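Enquirer: structure here, sequence nowhere to be found:
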């Protein structure tokens, strides 16, 4: 008997509530993540790594941003294992609390001046905790969105948790701009103003907890649990059967993540405001980054509609084409030192960022089998983040210091975008595939165009036995 997609059995009101919960939750998670990245570009080199000198200090500060990415796979492994065993919703609540606690504690840390070497050690430990949380959060959020979605609207629903990234950046840069330009301008921002955005996370975590607890578990996992079809060790099963798919999926994301961390990782913020760089006004640049986040939000949402209309792969290819043609103009405009040119460069760049980020949730969810899907999407995302954005700001800073020109950064981003384009061409478009556990046989094969095997879907089995 053919199975009606589980999401279609649920009231539209529940689907909307899930969509709202995934947006709110991921926005809070990424607000926490980006507050750190922006502060790393603005003040952490001085407050925590000053003995290393200004040049080395900023490299260490950006490296601390990348450090958390090395621990994302640990978060992905843990959340993937338990997300496939005990459910998606529980892991979302746990990762939200973990991220919020780490962020709030950063807001009360002593600086190097008052605590010596203990201060940067504590900062790095809390950043690692953020990385573990971020590695586990994304997979659960996208599966809650996609597995609740109607079959024909997975691209749109899957783009909702993706919207949390530009919204988190918008909120983070907006709050920092408010503190820097209005509430605690000048030296006050260095002395205490930077702490307030971190402490604000305590309030946001309460809101996120209430919202995430209000939604039902993913219908796909409910079915898996009801039929007792959980995989005993999902990670072993994933790498035994789908290791190549994990690598290709990670590469699909790498180019987007590297490009995104030029803004979200604080690189352009630091490059444009640093006294040895363009020395632009800090608050104006923060406002420009905030404005670009609005456009990133819009194009991420647009890509969700496109992914349902023309397919995930075509949307990706359009997006990476946009990134390829804007990596050089981005820095040409930034290097003018004019705030409106900087905003224009960021605005052009966010078109490709949005179009290569929105379809990711639907694409990943449709690539992996139901019983190990959380592990598959979470680990692929975490590995893609390491290959792409983990040390992108550090690499960009080192390239400019070594070559004296941002052309080297544009070449670096271009190479990664082309690699990701090749990876997109290797995955198979599986828009609309039945995601339920009953269709596991079809889900197991054919994720890559190199794999010509074909599983037996539930509908095929019905026709065969009829």
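Expert: Great, that's in hand. As the structure is a prediction and not an experimental result, all values here were calculated from the model. Numbering: from 1, shown residues only.
Enquirer: what about the closest residue to residue 433 other than its chain neighbours, helix or strand, and which?
Expert: Distance criterion CB to CB, 6 or more residues apart in numbering; nearest residue to residue 433, sequence neighbours excluded, is residue 366 at 5.2 Å. From N, CA and C alone the C-beta is placed, and that goes for glycine too. Using DSSP states H and E, the element containing residue 366 is helix 360-367.
Enquirer: re the thing from before, what's near enough to touch the residue nearest to residue 433?
Expert: 154, 312, 430, 431, 433, 435 (CB atoms under 8 Å, 6 or more residues apart in numbering).
Enquirer: tell me which of the residues you listed fall in helices.
Expert: By the criterion of DSSP state H, membership of those in helices covers 154, 312.
Enquirer: need the contacts of residue 366 in a markdown table with pLDDT, can you?
Expert: Shown next, in a markdown table, are the contacts of residue 366 (pLDDT from 0 to 100):
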| residue | pLDDT |
| --- | --- |
| 154 | 94 |
| 312 | 96 |
| 430 | 95 |
| 431 | 94 |
| 433 | 93 |
| 435 | 93 |
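Enquirer: return the member of the contacts of residue 366 nearest to residue 15.
Expert: residue 154 (11.4 Å; CB to CB).
Enquirer: neighbours of the residue nearest to residue 363 when sequence neighbours are not counted, how many?
Expert: Counting by CB to CB, 6+ apart, residue 363 lies nearest to residue 312, which is 4.2 Å off, once chain neighbours are set aside. Around residue 312 there are 30 other residues, counting by other CB atoms under 10 Å.
Enquirer: same check, this time on residue 182
Expert: Quick note: residue 182 (other CB under 10 Å) scores 10 neighbours.
Enquirer: mind checking the backbone torsions on it?
Expert: Dihedral angles of residue 182 (phi, psi; degrees, to the nearest 10) stand at phi -120, psi -60.
Enquirer: one step back: what mean pLDDT does the helix holding residue 366 get?
Expert: For helix 360-367, mean pLDDT is 95.
Enquirer: test my guess that residue 335 contacts residue 406.
Expert: Yes - with contact defined as CB atoms under 8 Å, residue 335 reaches residue 406; the gap is 6.4 Å.
Enquirer: which other helices and strands contact the strand or helix carrying residue 272?
Expert: According to DSSP H and E, residue 272 maps onto helix 267-273. Contacts defined by 3 or more CB pairs under 8 Å, 6 or more residues apart in numbering; DSSP states H and E place helix 267-273 against helix 54-70, helix 282-309, helix 312-334, helix 339-355, helix 392-403.
Enquirer: now these in JSON lines, with distance to residue 140?
Expert: Output for those, formatted as JSON lines (distance: least, CB to CB, whole Å):
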{"stretch": "helix 54-70", "distance to residue 140": "18"}
{"stretch": "helix 282-309", "distance to residue 140": "19"}
{"stretch": "helix 312-334", "distance to residue 140": "20"}
{"stretch": "helix 339-355", "distance to residue 140": "22"}
{"stretch": "helix 392-403", "distance to residue 140": "25"}
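Enquirer: which one of the ones you listed lies closest to residue 88?
Expert: Using CB to CB, these put helix 282-309 closest to residue 88, at 19.7 Å.
Enquirer: returning to what we had before: and the helix holding residue 272, how far out from the chain's middle?
Expert: 21 Å (CA atoms, centre = their mean, to the nearest Å).
Enquirer: quick one: which of the contacts of residue 366 is nearest residue 361?
Expert: residue 154 (8.0 Å).
Enquirer: okay, now that closest one: neighbour count?
Expert: Neighbour number of residue 154 under other CB under 10 Å is 30.
Enquirer: quick revisit: ok, the contacts of residue 366 vs residue 65, which is closest?
Expert: residue 312 (29.0 Å).
Enquirer: and that closest one, how far from residue 434?
Expert: From residue 312 across to residue 434, the span is 16 Å (CB to CB, to the nearest Å).
Enquirer: re earlier: quick one: contacts for the residue nearest to residue 363?
Expert: 155, 359, 362, 363, 366, 429, 431.
Enquirer: which pair of those spans the longest distance?
Expert: Going by CB to CB, the pair spanning the contacts of residue 312 furthest: 155 and 429, at 11.5 Å.
Enquirer: thinking again about what came up before, nearest to residue 413, out of the helices and strands packed on helix 267-273?
Expert: helix 312-334 (4.5 Å).
Enquirer: report the buried residues of that closest one.
Expert: 312-313, 315-320, 322-324, 326-328, 330-331, 333-334 (16 or more other CB atoms under 10 Å).
Enquirer: circling back: report the buried members of the contacts of residue 312.
Expert: Buried members of the contacts of residue 312, scored by 16+ other CB under 10 Å, are 155, 359, 362, 363, 366, 431.
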